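# sharing a model prediction with you, sequence too.
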Amino acid sequence: MKTSKILLLTLLAIGLSVFALSQPSKWVVPEAAKSVKNPTDKTNQENSDVGKSLYTKFCKSCHGKEGFGDGPKAKELDGKDNMGDFSSDEFQKQTDGTLFYKITKGKDDMPAFNKKIKDDEDRWLIVNYLRTLKQ
């Protein structure tokens, strides 16, 4: 009887561990990063065009044309169910600083773009473009 209980508890612990590891971890953004203000001109058409172009080049393959998380590479990723919907209220409520931090630092399947897109201003222009994807 004692052996059965130990075996059962061991199997339960293994099952809970596998479940916990399969859950997406929460993306923690430092408070200081959340409050960083976007220094770019959001009304400038040239900035908008650059932001869209950068999104198309670096983001569209995973996040999709309209930001629904349905790009052609999305199905290959571990976090495919956590790609986000950039048009959602939940996404759009994030601060510009939060979005800039996520683009810059990356997490899990989301690469850090501070090396691919070296200019901070260009990453800010992507943030601006993401704002245009709201419903």
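Looks like it came in fine. Remember, predicted model here, so these are calculated numbers, not experimental data. Numbering: from 1, shown residues only.
# residue 59: neighbouring residues, count only.
The number of residues packed around residue 59, counting by other Cβ atoms under 10 Å, is 20. From N, CA and C alone the C-beta is placed, and that goes for glycine too.
# what of the one 5 residues further on?
Under the neighbour criterion other Cβ under 10 Å, residue 64 is assigned a count of 19.
# same check, this time on the one 4 residues further on
The burial count assigned to residue 68 is 16, neighbours taken as other Cβ under 10 Å.
# now do the helices in this protein.
2-22, 31-34, 45-58, 60-63, 89-92, 96-105, 120-131 (DSSP state H).
# mind giving me the packing neighbours of the third one?
Helix 45-58 is packed against helix 120-131, with contacts defined by 3 or more Cβ pairs under 8 Å, 6 or more residues apart in numbering; DSSP states H and E.
# ok, and what's touching the helix it packs on?
38-40, 42, 47-48, 50-52, 54-55, 58-59, 67, 86, 91-92, 96, 99-100, 103-104, 113-114, 117 (Cβ atoms under 8 Å, 6 or more residues apart in numbering).
# repeat that for stretch 35-49.
For stretch 35-49, the surrounding residues in contact (Cβ under 8 Å, 6+ apart) are 95-97, 100-101, 121, 124-125, 127-129, 131-132.
# buried set for that stretch?
By 16 or more other Cβ atoms under 10 Å, the buried positions in stretch 35-49 come out as 38, 40, 42, 47-48.
# okay, now residue 99: neighbour count?
Residues near residue 99, counting by other Cβ under 10 Å, number 24.
# over to the one 4 residues further on?
Residue 103 has 23 neighbouring residues, counting by other Cβ under 10 Å.
# wait, it touches residue 115, no?
No - Residue 103 is beyond contact range of residue 115, at 11.9 Å (criterion: Cβ atoms under 8 Å).
# low-scoring stretches of this protein, by residue?
Low-confidence segments of the chain (pLDDT under 70): 1-2, 4-25, 79-82, 135.
# off-centre distance for stretch 115-129?
Averaging C-alpha positions (Cα atoms, centre = their mean, to the nearest Å) puts stretch 115-129 14 Å from its chain's average.
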